[in-house]
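Engineer: Pasting the sequence and the predicted coordinates here, then a few questions.
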Amino acid sequence: MKSYRKELWFNTPGRVAFINITPQIEEAVRESGVKEGLCLVNAMHITASVFINDDEPGLHQDYRDWLEELAPHEPTSRYRHNRTGEDNGDAHLKRQIMGREVVVAITDGRLDFGPWEQIFYGEFDGRRPKRVLMKIIGE
C-alpha cells in the first residue's frame, strides 16, 4: 500500500475565509500515484475547518451569517475561553460546527465526488500561518 503526505499553508488577511482547495488536493492525488484508496484532508489548527460543499458565493455568505448568529465574535467577553487573553472563543465553536476533516474516496486516480462537491478550507481566526494536512493511502 502507498502512503503520501503533503501540507498546504494558509495565512488569510481577514478573520474569516472560505478557500476552495480542491485543485491542490487533486494535484496531491496525482502526485501520490494512488489509483484506488482514500484521501484524508484535515485542518491542523483548532480555529480552522475543512468541509465539503458547493462552491457558490451565496452559500458561503449564508455560512458566514449563520455561523456569526450561532457564535458571534462580539462581545468577546461572552466566552470564558477569552479570559485567557485570547479573542477567538467564537472561532473554536465555529470550527466545531464546520468540522475538522473530510475523507474522500479515490477511484481510478481521481477524487470520487458527488455532483457539485468541492473541498474547502474554512478559516475563523485568520491573520497567521495555519496548515492543512493531506494524507493519501491506497494502491
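Structural biologist: Okay, I see it. Values in this document were obtained by computation on a predicted structure and should not be read as measured data. Residues are numbered from 1 along each chain as shown.

Engineer: Which parts of the protein are strands?
Structural biologist: Remark: strands assigned in the chain by DSSP state E are 2-10, 17-20, 37-43, 48-53, 101-107, 110-111, 118-123, 130-138.

Engineer: Of those, flag the one that's most buried.
Structural biologist: strand 118-123 (a mean of 23; mean count of other C-beta atoms under 10 Å). No exception for glycine: its C-beta is placed from N, CA and C like everyone else's.

Engineer: got a list of contacts for it?
Structural biologist: Applying C-beta atoms under 8 Å, 6 or more residues apart in numbering, the external contacts of strand 118-123 come out as 8, 10, 12, 14-22, 25, 41, 43, 47-55, 63, 94-95, 98, 102, 104, 111, 130, 132.

Engineer: So which of the strands of the chain is nearest residue 89?
Structural biologist: strand 48-53 (14.9 Å; C-beta to C-beta).

Engineer: Mind giving me the packing neighbours of the closest one?
Structural biologist: strand 37-43, helix 89-98, strand 101-107, strand 118-123, strand 130-138 (3 or more C-beta pairs under 8 Å, 6 or more residues apart in numbering; DSSP states H and E).
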